[in-house]
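Student: only geometry, no sequence info:
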């Protein structure tokens, strides 16, 4: 079946690929592996608002308790809230049931370690080994004292695990968020797009408790409308709402609220690169940017690099994925980094991307400087970017001489003024061709030429 865990947990269409049976085995294997560090592992479980979340949660809980683990059920809670509670409660691990910005039919299961960081690859590999493990024969399994065909322990009586509802999970997370900023947000008029997901209740509430006037939109989840024409991947309605309301800004989250895309007072989108530039430059001026560095991915806009480098801030570049941004920050001793998509890390506050936390940090900059979001975002020039996805039969075609020559020619044409980036998709049979530079017409021509070189391999 290949590797079960991807870069962001186990993903698939719920009840078809990500089945209750698989969720049960993940819960069972995960709790058993974690017994190495805790005889009775306590695992926090949170989920987004997808209808399939209840089904998968029930299966996970059954698996955890079947090996004697304890499940701490947090209910609907943003992904960063689960990471936060895992640390706060001294739990053995955390599990999030969510497919982030994906459509409602998808879902996912992601583990956090006791530290609040994602599980190490080696631990995920061990869990995967037990997920697919079966006994030699039912007779041998029973003779060994086990009643499950995976050969893992099956305690009975008082040895079976318990389930503890965390009825105050949202309150604990909100209290954590509030202490990450000083002062209040009185005078701010904010439109909040909750993506009909995990942020729908928490985000408006924390902003209101800090004194802001909040207009919530897409904050009425029904189990099927998560990310549907809304949220960080579809901020168009938020842009209109900000203009109509005369608001200071708009905030759009994704389904599990680990991303933020903002909208300024003019209804213009402010992406993750611009948010990072705003926060990094402000922290740098105050002498609070730890080790004076920011980690970004290769997809971040050239304008972000230039804005940070002009200020004397070191830029560490990584491959695409928040996992790699985190690794870079840990390796270089930084605390701020992220992706253009709005998945931003403030490691001095939380261990994973946190959209609501990012909102508060951005609002703090606006509050402390007295400047509108448009002016703060304008500190970074955003170069036009063109992205084309080319479907290919084999991604190894990147090694073909004709392809290499086309890419080299594109880079030569944009040399000193822009760039061309060609990379394979990690999940689909696609080659992504991205061009960037001050002249959008020229960039489009270069990208089209490079993309055309792949046609014979499609």
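Tutor: It's in. Quick caveat, the model's predicted, so the values are computed rather than measured.
Student: Would you confirm that residue 434 contacts residue 383?
Tutor: No: using C-beta atoms under 8 Å, residue 434 makes no contact with residue 383, being 11.4 Å away. No exception for glycine: its C-beta is placed from N, CA and C like everyone else's.
Student: Return the residues in contact with residue 197.
Tutor: 48, 49, 221, 226, 227, 231, 253, 254, 255, 256, 257 (C-beta atoms under 8 Å, 6 or more residues apart in numbering).
Student: Where does residue 50 fall, secondary structure wise?
Tutor: Secondary structure assignment for residue 50, by DSSP states H and E: no helix or strand.
Student: for the protein, what are the low-confidence residue spans?
Tutor: Applying pLDDT under 70 to the chain flags residues 1-2, 134-147, 426-427.
Student: Against residue 458, how distant is the most centrally placed residue in it?
Tutor: Centroid-nearest residue in the chain: residue 258, 4.7 Å away (criterion: C-alpha atoms, centre = their mean). Distance, residue 258 to residue 458, using C-beta to C-beta, to the nearest Å: 34 Å.
Student: can you check residue 326 too?
Tutor: Plainly put, residue 326 is 35 Å away from residue 458 if you go by C-beta to C-beta.
Student: Can you list which of the contacts of residue 197 are found in strands?
Tutor: residue 253 (DSSP state E).
Student: on that earlier part again, please say which of residue 326 and residue 458 ends up with more neighbours.
Tutor: Per other C-beta atoms under 10 Å, whichever of residue 326 and residue 458 has more neighbours is residue 326, with 21 against 12.
Student: which SS class is that one?
Tutor: At residue 326 the chain is in helix, as set by DSSP: H, G, I helix; E, B strand; the rest coil.
Student: ok, for it, nearest residue in space, not its chain neighbours?
Tutor: For residue 326, ignoring the flanking residues on the chain, the nearest one in space by C-beta to C-beta, 6 or more residues apart in numbering is residue 345 at 6.2 Å.
Student: Now do the helix or strand hosting that neighbour: distance to the chain's middle.
Tutor: Using DSSP H and E, residue 345 sits within strand 344-346. A distance of 10 Å separates the centroid of the chain from that of strand 344-346, by C-alpha atoms, centre = their mean, to the nearest Å.
Student: returning to that earlier point: roughly how far apart are the residue nearest to the centre of the chain and residue 183?
Tutor: Distance of residue 258 to residue 183, computed by C-beta to C-beta: 25 Å.
Student: about what we covered before: hmm, which of the contacts of residue 197 are the buried ones?
Tutor: Buried members of the contacts of residue 197, counted by 16 or more other C-beta atoms under 10 Å: 48, 49, 221, 226, 227, 231, 253, 254, 255, 256, 257.
Student: now, the most widely separated pair of the residues you listed?
Tutor: Within these, 221 and 254 form the most distant pair, 13.1 Å apart (C-beta to C-beta).
Student: Quick check: the gap between residue 249 and residue 278.
Tutor: Counting by C-beta to C-beta - residue 249 and residue 278 are separated by 11 Å.
Student: which neighbours do those two share?
Tutor: The contact sets of residue 249 and residue 278 overlap at 270, 373 (C-beta under 8 Å, 6+ apart).
Student: Does anything pack onto the helix or strand that residue 303 is a member of? Which helices or strands?
Tutor: Counting by DSSP H and E, the element that carries residue 303 is helix 302-310. Using 3 or more C-beta pairs under 8 Å, 6 or more residues apart in numbering; DSSP states H and E, the elements in contact with helix 302-310 are helix 272-285, strand 293-297, strand 314-318.
Student: need the ones you listed in a markdown table with distance to residue 89 and mean neighbour count, can you?
Tutor: Converted to a markdown table, those look like this (distance: least, C-beta to C-beta, whole Å; neighbours: other C-beta atoms under 10 Å):
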| stretch | distance to residue 89 | mean neighbour count |
| --- | --- | --- |
| helix 272-285 | 29 | 24 |
| strand 293-297 | 29 | 25 |
| strand 314-318 | 31 | 16 |
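Student: Go through those and name the closest to residue 79.
Tutor: Closest to residue 79 of the helices and strands packed on helix 302-310, according to C-beta to C-beta: helix 272-285, at 16.1 Å.
Student: pretty sure the residue nearest to the centre of the chain is in contact with residue 354, am I right?
Tutor: Yes: counting by C-beta under 8 Å, residue 258 does reach residue 354; the two are 6.2 Å apart.
Student: shared neighbours of the two, anything?
Tutor: By C-beta under 8 Å, 6+ apart, the residues touching both residue 258 and residue 354 are 78, 80.
Student: Can you report how many residues lie near residue 410?
Tutor: That count, for residue 410 with other C-beta under 10 Å as the rule, works out to 26.
Student: likewise residue 332?
Tutor: If we define neighbours as other C-beta under 10 Å, then residue 332 has 15 of them.
Student: who touches it in this structure?
Tutor: By C-beta under 8 Å, 6+ apart, the neighbours of residue 332 are 291, 293, 295, 316.
Student: Now distance to residue 374 too, for those, in a markdown table please.
Tutor: Shown next, in a markdown table, are the contacts of residue 332 (distance: C-beta to C-beta, whole Å):
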| residue | distance to residue 374 |
| --- | --- |
| 291 | 30 |
| 293 | 27 |
| 295 | 26 |
| 316 | 28 |
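Student: if we can go back for a sec, tell me the one among the contacts of residue 197 nearest to residue 269.
Tutor: Out of the contacts of residue 197, the member with the shortest distance to residue 269 (by C-beta to C-beta) is residue 231, at 12.8 Å.
Student: Looks like that closest one contacts residue 251 (just checking).
Tutor: No: contact status for residue 231 versus residue 251: not in contact, 10.6 Å apart, counting by C-beta under 8 Å.
Student: okay, and the common contacts of the two?
Tutor: What both residue 231 and residue 251 touch, as defined by C-beta under 8 Å, 6+ apart, is the set residue 193.
Student: and residue 441, what element?
Tutor: Going by DSSP H and E, residue 441 is in helix 440-452.
Student: Tell me the buried residues in that helix?
Tutor: By neighbour count on 16+ other C-beta under 10 Å, the buried set for helix 440-452 is 442, 443, 446, 447, 449, 450, 451.
Student: got a list of contacts for that helix?
Tutor: Outside helix 440-452, the residues that reach it (C-beta under 8 Å, 6+ apart) are 384-388, 390, 406-407, 409-410, 413-414, 418, 420, 422, 433-437.
Student: Repeat that for stretch 410-421.
Tutor: 298-299, 302, 383, 407, 432-439, 442-443, 446-447, 449-450.
Student: Any idea how far apart the tips of it sit?
Tutor: 10 Å (C-alpha to C-alpha, to the nearest Å).
Student: how far does it sit from the chain's center?
Tutor: A distance of 30 Å separates the centroid of the chain from that of stretch 410-421, by C-alpha atoms, centre = their mean.
Student: Buried residues of it, list them for me.
Tutor: Going by neighbour count (16+ other C-beta under 10 Å), the buried part of stretch 410-421 is 410, 411, 413, 414, 418, 419, 420, 421.
Student: so what's residue 260 up against?
Tutor: Applying C-beta under 8 Å, 6+ apart, we find residue 260 in contact with 232, 251-253, 272, 275, 342, 344, 355-356, 358-359, 362.
Student: Identify the residue nearest it in space, chain neighbours excluded?
Tutor: Residue 260 sits nearest to residue 355 (C-beta to C-beta, 6+ apart), 3.9 Å away.
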